[in-house]
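In: build me a structure from this.
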Amino acid sequence: MFDKNYLDRIEQRVFAEGLALHEKGNKIVGVYCAFTPKEIIAASGAIPVALCAGDQKPIEAGEKHLPRNLCPLIKASYGFALTDTCPYLHYCDFLLADATCDGKKKMFELLGRIKWLHLMQLPQTSGTRESYEYWLGELYKIKAIIEEKTGVEITDSALRKQIKLYNKMRKTINKVFSLNKGEYPLLYGYELDNITGYNGFEVNLQKRVSEMEEVIEIVGKRAYDSSFIDSVKNKTRILVTGCPTTNKKVLELIESSDAIVVAMENCGGLKTAGDLVDETKEPMEALAETYLSVACPCMTPNTKRLDIIGKIIDEYRIDGVVELVWQGCHTYNIEAFQIKEFVTGKCNRPYIQIETDYSENDREQIRVRIEAFIEMLS
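Out: Residues are numbered from 1 along each chain as shown. Okay, the predicted model is just below:
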């Protein structure tokens, strides 16, 4: 049965499975953003692992080399590397990073002193032939690097196999989110985050898909549970957008009010799970096309994000939108103006922006703002 410890159990299992494979010679490759095609890594037999951090503890160490007013996600990620206190990073054989925001790019220069790192030069514009061809060239570079580091030739057949598997994962994540499209949502936001989170080494994805399908079957029964429906039917339906929900503070505060997070557009949510890689095209070209289209504010213009948010608002019957912005994240903070304009104007929905960090210092202040927002919606 699905519970709050669901993802912890999966994390423990995949950690053990990943280390067992590592001992047999499989490489572990750390990644930091949604632009890195994990299919290429997995096609070599290597194990991808996402390393963006959501913990306050390593930030103090990170601030020894990084400015205090930098994004907490960047400081925490670097702090873990500096203190060697993240087991996933510890076991990485090398890192693949992409040049998204300026903060990450400069942090990666320092991180490269600690662990071997290749920085992919991400074009800052999508939708043009020039950007696509440039990004395709970058993907061929990392393909060659992975082949050299692993000693394995990455074949088209292996790429197609991983594309199908990761597409299946994306489809299943969308099926989980879709449980909240009906008149009554069947999942809380913390449950969505728990069920769909990868949380560790990406090994045995077919088993993860099977586990999520089991949860979908279990949660689907809530539609016939009158006590559960009574508990959610009057709750305000919230869409969370903005920076990755690496730290759960804001998510927790929303759902401790009389609200339920029925959808998340953030990285790791519907924004990155929505687009499938075309399985009919040449695999490297298909990967370049899909991954370059991620609707991240580091891209300009980024109108696709508005399309995604508008669609979610309609399909998930959203009452209000909460935008999470980590302090120091200028790309999301600047784009928030356009998001608010779109949500309140075209979509005619209330909007609130929460700018915060990983600390607990502002928890009560944020609680008051969110409760007032929810009360206004009610």
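In: SS state for residue 66?
Out: Classification of residue 66 by DSSP: H, G, I helix; E, B strand; the rest coil places it in coil.
In: what are the neighbouring residues in contact with it?
Out: 74-75, 78, 107, 110 (C-beta atoms under 8 Å, 6 or more residues apart in numbering). The way it works is simple: take the backbone N, C-alpha and C, and place the C-beta from them, glycine included.
In: and the residues you listed, which two are the farthest apart?
Out: Spanning the widest gap among these are 75 and 110, at 11.3 Å by C-beta to C-beta.
In: which one of those two has more residues nearby?
Out: residue 75 (31 against 15; other C-beta atoms under 10 Å).
In: which ones are touching that one?
Out: Taking C-beta under 8 Å, 6+ apart as the test, what residue 75 contacts is 58-59, 62-63, 66.
In: nearest residue to it in space, please, no chain neighbours.
Out: Closest residue to residue 75 apart from its sequence neighbours, by C-beta to C-beta, 6 or more residues apart in numbering: residue 62 at 3.8 Å.
In: state the number of residues packed around that neighbour.
Out: 25.
In: distance of it relative to residue 78?
Out: Distance of residue 62 to residue 78, given as C-beta to C-beta, to the nearest Å: 4 Å.
In: repeat that for residue 6.
Out: 30 Å.
In: same deal with residue 44?
Out: Taking C-beta to C-beta, one finds residue 44 at 27 Å from residue 78.
In: looking at those two, which one has more neighbours?
Out: residue 78 (27 against 23).
In: follow-up on the earlier one: need the contact list for the residue nearest to residue 75.
Out: Applying C-beta under 8 Å, 6+ apart, we find residue 62 in contact with 74-79, 82.
In: just the ones in helices from those residues, please.
Out: 74-79, 82 (DSSP state H).
In: ok, of the residues you listed, which one's closest to residue 342?
Out: Using C-beta to C-beta, the ones in helices among the contacts of residue 62 come closest to residue 342 at residue 74, 27.1 Å.
In: show me what contacts residue 239?
Out: Contacts of residue 239 (C-beta under 8 Å, 6+ apart): 261-265, 309, 312-313, 316, 318, 320-322.
In: is it bridged to anything, and to what?
Out: Beta-bridge pairing for residue 239 (DSSP bridges): residue 263, residue 321.
In: please apply the same query to residue 49.
Out: According to DSSP bridges, beta-bridge pairing links residue 49 with residue 30, residue 201.
In: wait, doesn't it sit right on residue 201?
Out: Yes - contact criterion C-beta atoms under 8 Å: residue 49 and residue 201 qualify, at 5.1 Å.
In: so what sits against both of the two?
Out: Shared contacts of residue 49 and residue 201, defined by C-beta under 8 Å, 6+ apart, are found at 18, 28, 88.
In: ok, now how distant is the last one from residue 176?
Out: Remark: distance between residue 88 and residue 176 (C-beta to C-beta) = 23 Å.
In: do the same with the first one
Out: Remark: distance between residue 18 and residue 176 (C-beta to C-beta) = 23 Å.
In: please apply the same query to the second one.
Out: The span separating residue 28 from residue 176 equals 27 Å under the rule C-beta to C-beta.
In: ok, the two, which is more surrounded?
Out: Using other C-beta under 10 Å, the more surrounded residue of residue 28 and residue 176 is residue 28, with 23 against 20.
In: got the phi and psi for the more buried one?
Out: With angles defined as degrees, to the nearest 10, residue 28 sits at phi -110, psi 130.
In: so who does it touch?
Out: 18, 22, 46-47, 49, 88, 91-93, 201 are the contacts of residue 28 under C-beta under 8 Å, 6+ apart.
In: per-residue pLDDT, the residue of the chain most remote from its centre?
Out: In the chain, the residue that sits farthest from the middle, by C-alpha atoms, centre = their mean, is residue 226; the gap is 33.0 Å. pLDDT for residue 226: 97.
In: show me what counts as buried in stretch 97-115.
Out: 97-101, 103-105, 107-108, 111, 115 (16 or more other C-beta atoms under 10 Å).
In: next one: stretch 165-180
Out: So, applying 16+ other C-beta under 10 Å, buried residues of stretch 165-180: 165-167, 169-170, 172-173, 176-177, 179-180.
In: shaky segments in the stretch 1-150 of the chain?
Out: Low-confidence segments of the stretch 1-150 of the chain, defined by pLDDT under 70: 1-4.
In: in it, which spans are helices?
Out: 6-23, 38-43, 59-62, 72-83, 87-90, 102-111, 129-150 (DSSP state H, counting those that start in this stretch).
In: now these as CSV including distance to residue 368?
Out: Putting the helices of the stretch 1-150 of the chain into CSV (distance: least, C-beta to C-beta, whole Å) gives the following:
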stretch, distance to residue 368
helix 6-23, 30
helix 38-43, 40
helix 59-62, 25
helix 72-83, 21
helix 87-90, 36
helix 102-111, 29
helix 129-150, 44
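In: so which of these comes closest to residue 190?
Out: helix 6-23 (10.2 Å).
In: tell me how far the closest one lies from the chain's centre.
Out: Helix 6-23 sits 20 Å away from the centroid of its parent chain (C-alpha atoms, centre = their mean, to the nearest Å).
In: again, but for stretch 80-88
Out: On C-alpha atoms, centre = their mean, the centre of stretch 80-88 falls 20 Å from that of its chain.
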